[in-house]
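**Student:** after the sequence you'll find the predicted model.
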Amino acid sequence: MKLYSKIIQNLPPEPQFRYNRDMKSGIVCFIGRPNVGKSTLLNSIIGHKVSITSPKPQTTRFAIQALYENEEGQILFVDTPGIYGKSEDKLAKLVNKNAQDAADGNIDVVIYVVDHTRERDYEENKSLGIVRKVEAKRILVINKTDVRHPTHIVQYKFLENEFDTVIEVSALTRKNINLLIKAIMQYLPEREKLIEAESLSHPGLNMDSKTFAAEIIREKAYLFLRREVPYSLTTVVDEIINRDNGVLYIRGRILTNDDRYKVMIIGSRGRMIKEISMAVRKEIETASNKKVFIDLTVETDPHWVESFG
């Protein structure tokens, strides 16, 4: 099923839609290899966290949808997972498939995000190959311009004739973000809004509260565990309850495929899992403006990757 059809199926029913011929609206897809800053760029455009970030590849595992509006129109962004090169890793293959599925949808603008501090390689060329197959307006975004050295920007400038627009940005400092939004708007068709922003409980259109909370837990686990645990974990939130005392209760699990990783995640005397829980609590309290209680456990499940697919 095409991406556009999937999105439309998940939108609220009438009367939450409003037809406005003066508005521009469309679907914009980010494509790029891992860790070029696609998720940070999306968060910077939206103005708050929609997609989790970390220095680890495979942080974004499924296409994140998020809505942006201004006086010109409405943009439905799709942040795809980073494209991997040759890999026998099952999770990497599933991540690649999710990214490819998103790119195969009805897209108005494709944004190819590159990191000028990294040389082009097989992984980069594979991402570029997907972009070349998309029938849409193309914008090349050269990210991380806040970092001057090292730079391989000439390798990417060489591609500018393949794109309708080339913009150098810093997702971290928001340099040229407004310029990027203007460039996107000029390529969008005039048509009705895809969704009324007021009807949204969360900026991530395809994430319910449990999914969003699980993503925050996974982000903090990556942050604290760093290199100690590879990409052998995922997170699940089983329950979110607004208790009578005003506390938001969240019960979640970190799943890993090996008992030795479970020990690392829990940490000596439970210190690591406590640090992860505390960081999750603080972020969700800030986002929800509520007191939050995190009930987080760790389990070993050698087959969690199969359920991810």
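**Tutor:** Great, that's in hand.

**Student:** residue boundaries of the strands in the protein?
**Tutor:** 24-31, 64-69, 73-79, 109-115, 137-143, 165-168, 233-242, 247-256, 291-300 (DSSP state E).

**Student:** and those, which one's lowest on average pLDDT?
**Tutor:** Of all the strands of the chain, the minimum mean pLDDT falls on strand 64-69 (a mean of 79).

**Student:** where do the helices of the stretch 201-309 of the chain begin and end?
**Tutor:** For the stretch 201-309 of the chain, applying DSSP state H, counting those that start in this stretch gives helices covering 209-225, 259-266, 271-288, 304-308.

**Student:** most packed of those helices?
**Tutor:** Ranked by mean neighbour count, the helices of the stretch 201-309 of the chain are led by helix 209-225 with a mean of 21 (mean count of other CB atoms under 10 Å). Every C-beta, even on glycine, is put in place using the N, C-alpha and C of the backbone.

**Student:** now the angle from that helix to strand 233-242?
**Tutor:** 130 degrees (axes from the mean of the first three to the mean of the last three CA atoms, to 10 degrees).

**Student:** quick one: mean pLDDT over helix 209-225.
**Tutor:** Helix 209-225 comes out at a mean pLDDT of 85.

**Student:** tell me how far residue 257 lies from residue 234.
**Tutor:** As judged by CB to CB, to the nearest Å, residue 257 and residue 234 stand 9 Å apart.

**Student:** those two - which one has more neighbours?
**Tutor:** Neighbours per residue (other CB atoms under 10 Å) separate residue 257 from residue 234, with residue 234 holding more: 21 against 17.

**Student:** quick one on the thing from earlier: what's the closest of the helices of the stretch 201-309 of the chain to residue 122?
**Tutor:** helix 304-308 (23.4 Å; CB to CB).

**Student:** okay if I get the strands of the chain as TSV plus distance to residue 213?
**Tutor:** As requested, the strands of the chain are exported to TSV (distance: least, CB to CB, whole Å):
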stretch	distance to residue 213
strand 24-31	23
strand 64-69	15
strand 73-79	18
strand 109-115	27
strand 137-143	28
strand 165-168	34
strand 233-242	5
strand 247-256	6
strand 291-300	9
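
**Student:** out of those strands, which is closest to residue 188?
**Tutor:** That would be strand 24-31 among the strands of the chain, by CB to CB, at 3.9 Å.

**Student:** tell me what that closest one is packed against?
**Tutor:** helix 3-10, helix 38-46, strand 73-79, helix 90-103, strand 109-115, helix 122-133, helix 177-187 (3 or more CB pairs under 8 Å, 6 or more residues apart in numbering; DSSP states H and E).

**Student:** please state the offset of it from the chain centre?
**Tutor:** 14 Å (CA atoms, centre = their mean, to the nearest Å).

**Student:** tell me how many other residues crowd the closest residue to residue 120 other than its chain neighbours.
**Tutor:** Nearest in space to residue 120, with sequence neighbours left out and distances taken as CB to CB, 6 or more residues apart in numbering, is residue 155 at 4.9 Å. Counted by other CB under 10 Å, the residues lying close to residue 155 total 14.

**Student:** neighbours around residue 176, how many?
**Tutor:** Residues near residue 176, counting by other CB under 10 Å, number 18.

**Student:** again, but for residue 68
**Tutor:** Residue 68 sits with 20 neighbouring residues when counted by other CB under 10 Å.

**Student:** if we ignore the residues flanking it in sequence, what's nearest it?
**Tutor:** residue 75 (4.5 Å).

**Student:** count the neighbours of the residue lying closest to residue 70 once chain neighbours are set aside for me.
**Tutor:** Once flanking residues are discounted, residue 70 sits nearest to residue 181: 7.1 Å by CB to CB, 6+ apart. When neighbours are defined as other CB under 10 Å, residue 181 has 15 of them.

**Student:** give the contact list for residue 181.
**Tutor:** Going by CB atoms under 8 Å, 6 or more residues apart in numbering, residue 181 touches 45, 68, 70, 75.

**Student:** quick one: it and residue 116, what's the gap?
**Tutor:** Counting by CB to CB, the gap from residue 181 to residue 116 is 21 Å.

**Student:** which residues of the stretch 51-200 of the chain score low on pLDDT?
**Tutor:** Within the stretch 51-200 of the chain, the segments meeting pLDDT under 70 span 51-64, 81-105, 196-200.

**Student:** please repeat the previous calculation with a cut-off of 90.
**Tutor:** Low-confidence segments of the stretch 51-200 of the chain, defined by pLDDT under 90: 51-71, 74-107, 121-127, 129-130, 133-135, 191-200.
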